[in-house]
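Visitor: The amino acid sequence is not available; the structure is as follows:
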């Protein structure tokens, strides 16, 4: 019987496998919701981050889940630029 002799209850090993599959499914769902499924396997290039488009020059808040990563990245880059400006002044 499964689990016999190793001190684990029957089905114990299956619980771990099921949990891993569930976590992978949740991760895939989150990546899809954020529009990042393609980015999971492909790196984001610096030129893509620095690309100037309408989203980059407007200060509109994110309107959907797929806007959130780019909104966050834009704000992060703004903080980096601001910190570099302050570093130069001092």
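Guide: Perfect, thanks for sending it. The structure displayed is predicted, hence computed values, not measured ones.
Visitor: Report the spatially closest residue to residue 36, excluding sequence-adjacent ones.
Guide: Distances taken as C-beta to C-beta, 6 or more residues apart in numbering put residue 69 closest to residue 36, at 5.9 Å, once the chain neighbours are dropped. Placement of C-beta: from N, CA and C, glycine included.
Visitor: tell me the contacts of that neighbour?
Guide: Neighbouring residues of residue 69 by C-beta atoms under 8 Å, 6 or more residues apart in numbering: 34, 35, 36.
Visitor: which of the residues in the strand or helix carrying it are buried?
Guide: Element membership of residue 69, judged by DSSP states H and E, is helix 68-89. For helix 68-89, the buried set under the neighbour-count rule, 16 or more other C-beta atoms under 10 Å, comprises 68, 69, 70, 74.
Visitor: The first one touches residue 74, doesn't it?
Guide: Put plainly, it is residue 68. No - at 10.7 Å, residue 68 and residue 74 do not qualify as touching, with contact defined as C-beta atoms under 8 Å.
Visitor: and residue 35, how many residues sit next to it?
Guide: Residues lying near residue 35 (other C-beta atoms under 10 Å) number 15.
Visitor: Thought residue 71 was touching it, still the case?
Guide: No - checked against C-beta under 8 Å, the pair residue 35 and residue 71 is beyond contact range at 11.7 Å.
Visitor: I'm done for today, thanks for sticking with me.
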